[in-house]
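*Asks:* Sequence isn't available, so here's the structure alone:
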Ligand SMILES: Cc1cc2nc3c(=O)[nH]c(=O)nc-3n(C[C@H](O)[C@H](O)[C@H](O)COP(=O)(O)OP(=O)(O)OC[C@H]3O[C@@H](n4cnc5c(N)ncnc54)[C@H](O)[C@@H]3O)c2cc1C
């Protein structure tokens, strides 16, 4: 891959780190720069959701998180004066990770950094800033990078520039891309990580306590501290006295007995919802917070950033390596922007429950009683039910199939014999072709596997589902007398599915999108 020009990743937050690791796993050269002197040590995001853990599994690092994270059942809602306590119970998830993993963002980033440096040999260039980014009319990029220690400015000629540079993105501004949206007027969020005494909330849940004028969130953190989050219309921020006294007053006001002892970190901020109008300008992409920001309700910000990087990395790599046609890159915005909009809408809906300060508790509770609310919100927040189905190209001429996931859906996991799991097939860097032969077409399945391996073996791995696993796979993926095949993308989403009998259409699909080696 010596002839590939490096990708420049601007920003070493969770987005940049995931992108750098995934490009490097695919032998694509990259530079990752950050204007800061050293890593951020504040905890910020504290929730890692199931889909992100599945991604970490494929990256080979999930156990590092599971070793020390707290597995929370989910969110429990306490409405003042009401008996009933609705929950978003993540134990219902059809994932190997049916919980919210409570973990500090500083630690999440540290483990990603270690993975990048120790497993992939790439170091972050600290104190190094993208100081100029200009695109000519003919799409040529002019990039200047400043060493903030010496003040030296150097030029670079990257293949692509990826703005993983957060909410105030220099990359986005340099491209003149609008970032429209608004603040939640007057609302102030405050957050503290602190040691406590006599913690009297059920530690298995992240708990929300709602009153007329504020809400309080509390949960244990892996280092023994507790996260306390308060939202109101600014009253607590203006309270006289120390922050500890102000927080304690809110805690006492909710009838809780625990005491704040020694805060390790305190912050306050205004909540925004903003979305970039486009995610791509020529060879420049926006990824993570540079493209979208929203309320922290449900703890989805960092998760959707990592999932953006996950979506973009394999596409960039395949195009740069000459394995896929360049229009694959257009699908990044097509797929990820609607997800960001969905997160913005979902967090808005959550706001109506937890932060509708001044609105009657019964009205807010009612919103949690909509049929199917718990399952649909839990699966969305966990990132399990996101689908790109609406944006997949229609393929004509296919015989219809009943049941099973469709193109654009996340390929679900299945437990196989010998305690193996279907997900273990997806651990490599390319596509996986799952062939599920019916009774009579094992020979056809083998023929397809051989043909695909011969043409695309460098980046498509064919797996014929063995007879002893056929029933359990068919339970999840559906079955047809003629057998079926699923082409699973490197990010674990289904690219294409058909009957094995439709092998010619499948073959055409491959040659329309991929470049045989
Ligand atoms: C208080 C708080 C609480 C939060 N709680 C949650 C939560 O519970 N759950 C959740 O999922 N999310 C949460 N979030 C959101 C989460 O922290 C962000 O979504 C996430 O950090 C975004 O990651 P990123 O990598 O896109 O950007 P960032 O983490 O912002 O990283 C951007 C990086 O780019 C660098 N940079 C900027 N400009 C340049 C330049 N010109 N040259 C070089 N480098 C540059 C910056 O120094 C920075 O390191 C919270 C955020 C905050 C502030």
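*Replies:* All right, it came through fine. Here the structure is a predicted model, which means the values were calculated and not measured.
*Asks:* Tell me how far the most centrally placed residue in the chain lies from the ligand.
*Replies:* Centroid-nearest residue in the chain, with C-alpha atoms, centre = their mean: residue 307, separated by 2.9 Å. Distance, residue 307 to the ligand, by C-beta to the nearest ligand atom, to the nearest Å: 10 Å. C-beta coordinates here come from the backbone N, C-alpha and C atoms, glycine included.
*Asks:* Please identify which helix or strand holds the nearest residue to residue 52 once chain neighbours are set aside.
*Replies:* Excluding its sequence neighbours, the residue lying closest to residue 52 (C-beta to C-beta, 6 or more residues apart in numbering) is residue 303, at 4.8 Å. Per DSSP states H and E, residue 303 falls inside helix 301-320.
*Asks:* Give me the residues contacting whatever helix or strand comes next after that helix.
*Replies:* Reading on from helix 301-320 to the C-terminus, the next helix or strand found by DSSP H and E is helix 330-354. Applying C-beta atoms under 8 Å, 6 or more residues apart in numbering, the external contacts of helix 330-354 come out as 77, 184, 208, 210, 215, 231, 273, 275, 278-280, 285, 291-292, 294-298, 300, 304, 307-308, 311-312, 315, 359, 364, 367-368, 377, 380-381, 386, 388, 390-391.
*Asks:* Among those, name the ones in strands.
*Replies:* 77, 184, 208, 210, 215, 231, 273, 275, 280, 285, 292 (DSSP state E).
*Asks:* how about these in JSON lines, adding distance to residue 413?
*Replies:* Shown next, in JSON lines, are the ones in strands among the contacts of helix 330-354 (distance: C-beta to C-beta, whole Å):
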{"residue": "77", "distance to residue 413": "29"}
{"residue": "184", "distance to residue 413": "37"}
{"residue": "208", "distance to residue 413": "30"}
{"residue": "210", "distance to residue 413": "36"}
{"residue": "215", "distance to residue 413": "35"}
{"residue": "231", "distance to residue 413": "36"}
{"residue": "273", "distance to residue 413": "33"}
{"residue": "275", "distance to residue 413": "31"}
{"residue": "280", "distance to residue 413": "31"}
{"residue": "285", "distance to residue 413": "29"}
{"residue": "292", "distance to residue 413": "28"}
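*Asks:* between the residues you listed, which is nearest the ligand?
*Replies:* residue 292 (8.8 Å; C-beta to the nearest ligand atom).
*Asks:* Kindly state the beta-bridge partners for the closest one.
*Replies:* residue 275 (DSSP bridges).
*Asks:* and it, what is it in contact with?
*Replies:* So residue 292 contacts 274, 275, 276, 304, 337, 340, 343, 344 (C-beta under 8 Å, 6+ apart).
*Asks:* Is it possible to get JSON lines of the residues you listed that adds pLDDT, neighbour count and distance to residue 39?
*Replies:* JSON lines is the format used below for the contacts of residue 292 (pLDDT from 0 to 100; neighbours: other C-beta atoms under 10 Å; distance: C-beta to C-beta, whole Å):
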{"residue": "274", "pLDDT": "97", "neighbour count": "18", "distance to residue 39": "25"}
{"residue": "275", "pLDDT": "97", "neighbour count": "18", "distance to residue 39": "28"}
{"residue": "276", "pLDDT": "98", "neighbour count": "24", "distance to residue 39": "26"}
{"residue": "304", "pLDDT": "97", "neighbour count": "24", "distance to residue 39": "21"}
{"residue": "337", "pLDDT": "98", "neighbour count": "20", "distance to residue 39": "29"}
{"residue": "340", "pLDDT": "97", "neighbour count": "23", "distance to residue 39": "26"}
{"residue": "343", "pLDDT": "95", "neighbour count": "27", "distance to residue 39": "26"}
{"residue": "344", "pLDDT": "94", "neighbour count": "18", "distance to residue 39": "28"}
